[in-house]
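# coordinates only, no sequence provided:
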């Protein structure tokens, strides 16, 4: 049986891992794109912002990476965000079905 502390610890570890993935992907994108597009990816914060947009949405269509490494990073981040979104959605649906089925047993 899970405790509240164990669940809180798991959430904190997941958030920490997500922030690390976004940070290191943004830094890698910056180093790939800083010479190709210095006006778009001129700082690490701009690259992290673009990676975060790419992770949580489809992306920002007016700018994009031009180097092969930058494209691979953005493809990977987009796929990871889509997979995690799908897993979260499935988890919520399963939780709803489990809670509804527990009411029927009573």
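Arrived safely. This is a predicted model, so every value here is computed, not measured. Numbers count the residues shown, from 1 in each chain.
# pLDDT of the lengthiest helix in the chain, averaged?
Criterion DSSP state H: the longest helix present in the chain is helix 68-105. Computed over helix 68-105, the mean pLDDT rounds to 84.
# what's the answer for stretch 39-51, then?
Per-region confidence: stretch 39-51 scores 90 on mean pLDDT.
# do stretch 16-35 as well
Model confidence over stretch 16-35 averages 92 on the pLDDT scale.
# any residues touching that stretch, and which ones?
Taking contacts as CB atoms under 8 Å, 6 or more residues apart in numbering, the residues outside stretch 16-35 that touch it are 40-44, 46-52, 55, 65-67, 69-70, 73-74, 76-77, 80. In short, each C-beta sits where N, CA and C put it, glycine included.
# what about burial for the residues you listed, which qualify?
Neighbour counting by 16 or more other CB atoms under 10 Å classes 40-41, 46-48, 50-52, 55, 65, 67, 70, 73-74, 77, 80 among the contacts of stretch 16-35 as buried.
# could you list every helix and strand in contact with the longest helix of the chain?
The helices and strands touching helix 68-105, judged by 3 or more CB pairs under 8 Å, 6 or more residues apart in numbering; DSSP states H and E, are helix 4-33, helix 44-56.
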